[in-house]
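Colleague: pasting a predicted model and its sequence here:
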Amino acid sequence: MKKIILGLILFLLVAFLPLGYNIYTGKKAYIPVIKAPEDKKECVENVFIMRKRHNIVLEKWRDASVRHGIKKYVSLNGTYKISLTGTCLGCHSDKTQFCDRCHDYAGVKPRCWDCHNIPDKVAEK
Amino acid sequence: MKIILPFFTVVLIACLVYGGTRYLEGHILFGIIVPYICFALAIVGFVVKIVKWAVSPVPFNITTVCGQQKSLNFLRHSPIESPASRCGVFFRMLFEVLFFRSLLRNEKVELYGKERRLIYGSDRYLWIFAILFHWSMLIILLRHLKLFLEPIPYWIIMLQNLDGIFQSHIPPVYISNVLVSIGLVFLFLRRLKRRVMYISLPSDFFVLFLIGGVILSGMLLRYVYRADILLVKAFLFGLIYLNPVPYTGFGTMFYIHLCFISVLIAYLPYSKLMHMAGVFLSPTRNLRNDSRARRHINPWDYPVKEHTYEEWEEEFKDALKEADIPLDSENKG
Amino acid sequence: MEKPDEMKKAIDLTPKKGDWMTPEVELKKGTYCYGAPLKHQKYLELPNQREWQPHDVDWKLPENWKDIILDGMAKLLKKNRAFKLFMDICVRCGACADKCHFFIGSGDPKNMPVVRAELLRSVYRRYFTIHGRILGKLAGARDLTVDVLKEWFYYFYQCTECRRCSVFCPYGIDTCEITMMARELLNLVGCNIQWVVEPASNCFRTGNHLGVPPHAFKETLGFALDEIRDLTGINVEAPINKKGAEVLFIAPSADYFASPHWYTLLGYLMLFHEIGLDYTWSAYASEGGNFGLFHSAELAKRLNAKIYAEAKRLKVKWILGGECGHMWRVIHQYMDTFNGPADFLEVPVSPVTGTKFEHAKSTKMIHIAEFTADLIRHNKLNLDKSRNDNWKITFHDSCNPARSMGLLEEPRYIIKNTCNHFYEMPENTIREKTFCCGSGAGLGADENLEMRLKGGMPRAMAVKYVKEKYGVNMLACMCAIDKAALPPLLDYWVSGVDVCGVHELVGNALVMKGEKKRETNLRGEPIKGDSKDTK
C-alpha cells in the first residue's frame, strides 16, 4: 500500500514535471521574438510559407545549387540568387538572434552549419 | 461489427473536429475545452483506479514461480524467476516491465500432420512487435516533451537526433515513427487471426484505431500539413499554465491530433490500457517466493469453524481405544 | 468412448467464427462433475444446501441468487487485489490461449484461459464498471443470467488451477485465482461438486479425504509394515499420535489407501526407519491434501487448521510433508497465513545431517524431497541404483510444487541418485512449463473421465515422445492426484508406461542395515535380470 502510494505520487510528479521545470527555469511565459529586417518587406516567399516551410525551401535551394548548378530562384516575390550566406544572411545577418532563437525553442538542429560558415565566426577569426 | 464500429467511432471523432474547427469556429472547444476535460478525466480516473486497486489487500502470497526455489544450498537457486529477495523481485519486475519477460516465453502449439503430433514451436512475433510498439511509443512520448519544456534539456535533443539519424528527408524521418507504425499494423493484423478475433472485443479495436489515429495525424502534421511549431509550443504553454489563448492559426490536423490524444488519455483509466500501471501491482509477479520463510499476513483473516482434536477424539473414542492409540482425555484424568 | 486417434482428430484449435458472448453450454456426459450430496453439504454447513445435479434443467437456485452472487463478487473484489486487478488489466493478447491443457485437448474455445476469465469479467463489467453499464455488449459486458451461471459452473470446473497460463501472461494474470473466485461465488448459491465437497467433508470429520477412521488408519499402516518385513526382513515401526516426537509427518491420505501411492508409503517408512527418525504420524491430521482449496479459502483454512493444531498438541519440533501437489500449494503459500504463526515449533533441522532449513523458518514445515535430497547430498543413505534398473524413468513436475513453490531440482536430484536411467520430457512440458495431469483441483471424478483424458493429452503426448525415443516405461511424479490420474490417462494415450512416486524409487534403492537380499522391488516385481515382462 505504501509502495503504491509512493508509485502514484511518483507518477503524478513526472506527469506534472514540466509545470515545475519551466517555473524553475523562469521561462514559463517565454516566447522567442525575432526581429524582421527593417529595410525589407518580404522574404523570398511570403511569411506564412517561410515560417512553416523555410526548411523545405532551403533543401530545394541546396539541391538546386549544389547538385544541379541552378543559381536562380523565382517566386511570386521576385527572383533571388540561391545562396544561404548571400541571400538569407544578407538580410537576417545575425544567426544567434534570428535562426537560433526559434530553433532552440522548437528543439530543432538544422545541419546548415555543417558546411556553411557562420559569418560572425569567420569575422572573429 | 467488432471492427467497423470502433473504426467509425474514430473517424467520427476526426470528422467532428474537422467540421467543428473548419465551419463552426470550434477552436476553443477542441483546442482548449476538450483537452482540459480529457486531461482532468485522465488524471482523476488514473488516481481513482490505482487507489481502488490499492485498497484491496493481497491476502495470500500467490507468486507464480518460474524457477528453482531457494532451499538447499547445493541446488542452484533461480534468483529472478523465483525471487527470494527484494532485489530478485526488483529485477523480475524490471525484466517484466521493460523487456516483457513473460511474453518472451511465448510458444505455439500445433497438432501437426496426419498423425496429429502435438508439437511446440517458439512464437516470438508478438514479443518482437510488442517491444517495437511500446518502446517506440515511449521514445515518441519523450520526444514530445520538447513541446512542454523550455529550455529543452539536452538529452531530449540527443534522443531526437538519434531517432532521426537517417537524414534522408527534410524534415528527417524518425525511426520511432516507422517502427511504431509497423508494430501497430502487426498488432492489428494479428487481431484478425481467427483465434485472436474470437477473444477480441470492440474496445480492443477501438484502442488500436485511436492510437493509429494519433500516429497518423501526428505524422501528417510533421510531413504534410505542417503546423507552426513555435505557435504550438506557445499554445501548449498557455494550456498548461491555465492561460489558454485561442489561436486560430493552426490547421485542422493539429486539432485532430490534439483531440485524438485527449480522447486516448481520457479513455485510458477506464480501459485495458491500465495494464501499464497494473503490471506493477500484479501479485503473481511482485511478491517474493519466500512464503515459508516469512509469514504473509492476511488483513481480513477471521476465525473459522474447526473440528478440534477434542471433538474428534470424542467422536472416535471407541475406534481409538480399539487401535490402542493413546487418548488425551484418559491420560489427563 | 472414442479411440485416442479419433479424439485427437476431432480437436480444432481454431475457433469457429463468432465470439463467446452468447452464453450457451452443453453439459455432455463425461465432461462435467456431479453435484455434491446433501449430506456432506450439511456437514460442512455450506450455504443454500440442496440435492442438485448439473444436468437438471432447474437448478433450484435460491430466489435472490443474482443478488447473492453480485454481493459476493463485490465482497471478493474488496478482499482481493489480484481479483480486481485481473478483472481490469487483461488486454486479450491471447498469449495464454494455447497454454491451457484443456484448450489443447478439447479445442473448446471457451477453455482458452482468456475466455474462461472473460466469462467472469463480462459480468464484472456489466455490474461494476461505468462503461460496461452504459455500453453493454459493446464493452464486452453481459447480464448475469442462469445460462451465464451454468457456463461458469461448466468452465470453472474445467480448470485445474494449474497456473500454467500465468507463467506466460505478460501481466501475470493467474486463471487459478479467477477460478477460485468463481468457485467461491458458485458455492454461495450452492453449486458445488461431489468430488470436492465429499472429500472435504470427510477430511473435516475423520481427518482425511477418504474418510478413514483412526483404527483403519492404524491397520493400513500395519499392512505396510508387514509388507516391508516380508520384503526386507526388517521390523519397521510407524508411531501414531506419539507425543514428544521430534517430527510430525503428514502425507496425503491416498498414500496409505491407493495404488501406486502405496509403494511411496513403503518408501517413506523404510527411509524413516533407516535414518532412525524420531517421528510420528497423526490419525487426527491424517491428510496433507486440502480439497477445501478447490472450494473456498474458508474451507481450505478449516481443513488446514488441523496440521498446526496437531503439531502443537503432540509437541513436535517441526513438520515434514509427503509427496503431494496442491497440499504443497496450501502449505507453501497459504498455511502460515491461514493458521500461523507457528511460534510453538522450531526451525526444521535435519537430525541426521544437521542442515537447518532456513527457507522454511517461519512455516516450519519442509517437503520430504528437500529432506531426502539433503540426506543424499551428505551421503547418509546407502543407495543401490541398479535396483531400479527395471525402469527407464522420466519425471513429471506436478503443477503446484513446480509453479507455486519452485520445487524443481530436489526430486531430480533424488531420482538421479536412485536410478540409472533418467530421461527428461521435452522442455516445453516440464519444470515451470509442466502440463497438468488434467484431473487436479477436484476434477478427478469418474463421471468426468472424458474431459480428464482430453485435458491430460498434452502431458500424455510428452510421455509418449520419451517412450518412443528412449524407451521410457516409468513416469515418476510427486502428487497424489497425479498418481491416481496418470495411470488411466497413460493407459488411454500411451500404454506401457507405469506411474510411481519418487520415494518409491528411494525405497527400492535404499540398502537397509540388516536387510535380507531383495528378490523383488516394492511392487513385488523381480529385480532386473528376469526377462518376465513387468506388469
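Modeller: Looks like it arrived, so ask away. Note that the structure is predicted; figures quoted are calculated from it, not measured.
Colleague: stretch B:60-68: which residues count as buried?
Modeller: B:Phe60, B:Asn61, B:Ile62, B:Thr63, B:Thr64, B:Val65, B:Cys66, B:Gly67, B:Gln68 (16 or more other Cβ atoms under 10 Å in any protein chain shown). Backbone N, C-alpha and C define where each C-beta goes, glycine included.
Colleague: dump the residues you listed to JSON lines, plus secondary structure.
Modeller: What follows is the buried residues of stretch B:60-68, written out as JSON lines (DSSP: H, G, I helix; E, B strand; the rest coil):
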{"residue": "B:Phe60", "secondary structure": "coil"}
{"residue": "B:Asn61", "secondary structure": "coil"}
{"residue": "B:Ile62", "secondary structure": "coil"}
{"residue": "B:Thr63", "secondary structure": "coil"}
{"residue": "B:Thr64", "secondary structure": "coil"}
{"residue": "B:Val65", "secondary structure": "coil"}
{"residue": "B:Cys66", "secondary structure": "coil"}
{"residue": "B:Gly67", "secondary structure": "coil"}
{"residue": "B:Gln68", "secondary structure": "coil"}
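Colleague: name the nearest of the residues you listed relative to B:Phe95.
Modeller: Checking these against B:Phe95 by Cβ to Cβ gives B:Cys66 as the nearest, at 11.1 Å.
Colleague: the buried residues of stretch B:60-68 also near chain C: which ones?
Modeller: B:Phe60, B:Asn61, B:Ile62, B:Thr63, B:Thr64, B:Val65, B:Cys66, B:Gly67, B:Gln68 (Cβ under 8 Å from any Cβ of the partner chain).
Colleague: surely the second one meets B:His296?
Modeller: Yes: using Cβ atoms under 8 Å as the test, B:Asn61 is close enough to B:His296 to be in contact (4.1 Å).
Colleague: anything in contact with each of these two?
Modeller: Common contacts of B:Asn61 and B:His296 (Cβ atoms under 8 Å, 6 or more residues apart in numbering or on different chains): B:Leu287, C:Gln333, C:Thr337.
Colleague: for the second one, what are its contacts?
Modeller: Which is C:Gln333. Listed by Cβ under 8 Å, 6+ apart, the contact set of C:Gln333 reads B:Phe60, B:Asn61, B:Ile62, B:Thr63, B:Ser291, B:His296, C:Ser404, C:Met405.
Colleague: and the most centrally placed residue in chain A, what pLDDT?
Modeller: What sits nearest the mean C-alpha location of chain A, by Cα atoms, centre = their mean, is A:His103, with 3.5 Å. You'll see A:His103 listed with a pLDDT of 87.
Colleague: on that earlier part again, please narrow the shared contacts of B:Asn61 and B:His296 to those residing in helices.
Modeller: Counting by DSSP state H, the shared contacts of B:Asn61 and B:His296 place C:Thr337 in helices.
Colleague: in stretch A:60-70, what's buried?
Modeller: For stretch A:60-70, by 16+ other Cβ under 10 Å, it's A:Trp61, A:Ser65.
Colleague: what mean pLDDT does it have?
Modeller: Mean predicted lDDT for stretch A:60-70 stands at 86.
Colleague: return the distance of it from the chain's centre.
Modeller: Offset of stretch A:60-70 from its chain centre (Cα atoms, centre = their mean, to the nearest Å): 21 Å.
Colleague: quick one: name the residues of the stretch 101-250 of chain B near chain C.
Modeller: B:102-103, B:105-111, B:116-118, B:120, B:126, B:130, B:194-196, B:198-204.
Colleague: coming back round to it: looking at the ones next to chain C among the buried residues of stretch B:60-68, spot the one nearest C:Glu184.
Modeller: B:Phe60 (13.3 Å).
Colleague: so the closest one versus chain A, what's the distance?
Modeller: 16 Å (Cβ to the nearest Cβ, to the nearest Å).
Colleague: ok, that residue touching B:His296?
Modeller: Yes: when contacts are counted by Cβ under 8 Å, B:Phe60 is listed as touching B:His296 (6.4 Å).
Colleague: shared neighbours of those two, which are they?
Modeller: Both B:Phe60 and B:His296 are in contact with C:Gln333, C:Thr337, where contact means Cβ under 8 Å, 6+ apart.
Colleague: distance from stretch C:469-486 to the middle of the chain?
Modeller: Offset of stretch C:469-486 from its chain centre (Cα atoms, centre = their mean): 14 Å.
Colleague: kindly report the same for stretch C:239-252.
Modeller: Computed by Cα atoms, centre = their mean, the chain-centroid distance of stretch C:239-252 equals 23 Å.
Colleague: can you measure across that stretch, start residue to end residue?
Modeller: 17 Å (Cα to Cα, to the nearest Å).
Colleague: could I get the average pLDDT for it?
Modeller: Summarised as a single mean, pLDDT over stretch C:239-252 is 95.
Colleague: would you mind listing what in chain A touches chain B?
Modeller: Residues of chain A found near chain B, taking Cβ under 8 Å from any Cβ as the criterion, are A:1, A:4-5, A:7-8, A:11-12, A:15, A:18-19, A:21-22, A:25, A:27-32, A:51-53, A:55-56, A:58-59, A:102, A:104-109, A:111.
Colleague: filter those residues down to the ones in helices?
Modeller: Per DSSP H, the residues of chain A next to chain B map to helices at A:4-5, A:7-8, A:11-12, A:15, A:18-19, A:21-22, A:25, A:51-53, A:55-56, A:58-59, A:102, A:104-106.
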